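Visitor: have a look; sequence and predicted model below, questions after that.
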Amino acid sequence: MKLHSGFQSGHRGGKAVRPGGRRRNELHILRAFWRITLVAWRHAIVMCCREGRSGNVKWALYIWRRVIVFHSTLKLSQMGKIILIGASGTIGRYVEERLRKRHEVLRAGRKGPDLVVDISEPSSIEAMYREAGPVDAVVCIAGEARWAPLEKLSEEDYYVGIRSKLMGQVHLVRLGLDHLNPGGSFTLTTGILAEDPVPQTTSAAMVNGALHGFVKAAALEMKRGHRINVVAAGLVEPAAEKYADYFPGHNPVPMARVVNGYVRSVEGRGNGEIIRVYW
Ligand SMILES: NC(=O)c1ccc[n+]([C@@H]2O[C@H](COP(=O)([O-])OP(=O)(O)OC[C@H]3O[C@@H](n4cnc5c(N)ncnc54)[C@H](OP(=O)(O)O)[C@@H]3O)[C@@H](O)[C@H]2O)c1
């Protein structure tokens, strides 16, 4: 029997569709408002200084401070544009729901809906980045590897995991470096199998372990304040019934803890972390 941890591949040529939605428009308007305010006040302060109007400078600085307070109240500084690959998945849909409260999230996958991408195809990843423009974070919760008994796994079976979950996520980082704004982050996904495998998971465990090595090494060479982390979850509660026979005695992980792992990677300061969310 062959199982897929994840999904079947199905390339759709990297065609991307434009994101929409009321929430996204609101975020655009807030961002634009903030940028205009910044430019206007910088201009006002410079003009006052040039003309030697010290009283006006004081007023400008006072109002500037109020704007900063207003800004932090709205938490605009923490809003970012995030590409979330696998947003429609078992885990992805919960992470998307949480991240979109504070960020603009572009949902990506082979079926979109905002950006269409197949991570096993580098050209598709390039097309996605071109379509999205600069982003503040890339979160990948996608990638498949084939499950089967050791003696039944063919070479091609191993390459499914290597092309999709391993190199798919490596390509996301490699090709995404130039599209990530300063201070931006990559968050990849592995799983418990890297350290606590169960029978039939040699391919998935191998790929997860390789990704842990990749993240730790890549973190050392991140530039422009970029960060990279990986979230390694145990069997999540919504998937527990389906995979119960493969994980005897495992305690399924509540989805809220898994979601927090992704939030910690995106909004925290960690770099090179393997964020383990087991029991
Ligand atoms: N479920 C668990 O208990 C668990 C635990 C630990 C780790 N993980 C890992 O977490 C990841 C996601 O698991 P899941 O259970 O949420 O999977 P899932 O329910 O099968 O969802 C997969 C998501 O990824 C997208 N996707 C699949 N293949 C893709 C590709 N080649 N390119 C781009 N997008 C692709 C799918 O959308 P489209 O169909 O539109 O492409 C879907 O949104 C997997 O790597 C899995 O091994 C899962």
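Guide: Nice, thanks for sending it over.
Visitor: tell me the secondary structure at residue 207.
Guide: Of the three states, residue 207 takes helix according to DSSP: H, G, I helix; E, B strand; the rest coil.
Visitor: what is the neighbour count of it?
Guide: 29 (other C-beta atoms under 10 Å). Placement of C-beta: from N, CA and C, glycine included.
Visitor: contact partners for it?
Guide: 143, 145, 161, 162, 165, 166, 190 (C-beta atoms under 8 Å, 6 or more residues apart in numbering).
Visitor: repeat that for 10 Å
Guide: 5, 143-146, 158, 160-162, 164-169, 190-191, 193-194, 201 (C-beta atoms under 10 Å, 6 or more residues apart in numbering).
Visitor: please go through these and note which also touch the ligand.
Guide: 5, 143, 164, 165, 191 (C-beta under 6 Å from any ligand atom).
Visitor: quick revisit: and the contacts of residue 207, which are buried?
Guide: Using 16 or more other C-beta atoms under 10 Å as the burial test, the contacts of residue 207 include 5, 143-146, 158, 160-162, 164-169, 190-191, 193-194, 201 as buried.
Visitor: so of the residues you listed, which ones are in helices?
Guide: 158, 160, 161, 167, 168, 169 (DSSP state H).
Visitor: between these, which sits nearest the ligand?
Guide: Taking C-beta to the nearest ligand atom as the measure, the ligand lies nearest residue 168 of these, at 6.2 Å.
Visitor: all strands of this protein, in order?
Guide: Here the chain has its strands, by DSSP state E, at 3-4, 81-85, 104-109, 115-116, 135-140, 146-147, 180-189, 227-233, 274-277.
Visitor: could you redo the ones you listed as a markdown table and give each row mean pLDDT and distance to residue 37?
Guide: Below are the strands of the chain laid out as a markdown table (pLDDT from 0 to 100; distance: least, C-beta to C-beta, whole Å):
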| stretch | mean pLDDT | distance to residue 37 |
| --- | --- | --- |
| strand 3-4 | 44 | 49 |
| strand 81-85 | 98 | 19 |
| strand 104-109 | 98 | 19 |
| strand 115-116 | 98 | 30 |
| strand 135-140 | 98 | 20 |
| strand 146-147 | 98 | 53 |
| strand 180-189 | 97 | 20 |
| strand 227-233 | 98 | 28 |
| strand 274-277 | 98 | 36 |
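Visitor: mind putting those into CSV with distance to residue 52?
Guide: Compiled in CSV, these are given as follows (distance: least, C-beta to C-beta, whole Å):
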stretch, distance to residue 52
strand 3-4, 71
strand 81-85, 41
strand 104-109, 42
strand 115-116, 52
strand 135-140, 40
strand 146-147, 73
strand 180-189, 36
strand 227-233, 45
strand 274-277, 54
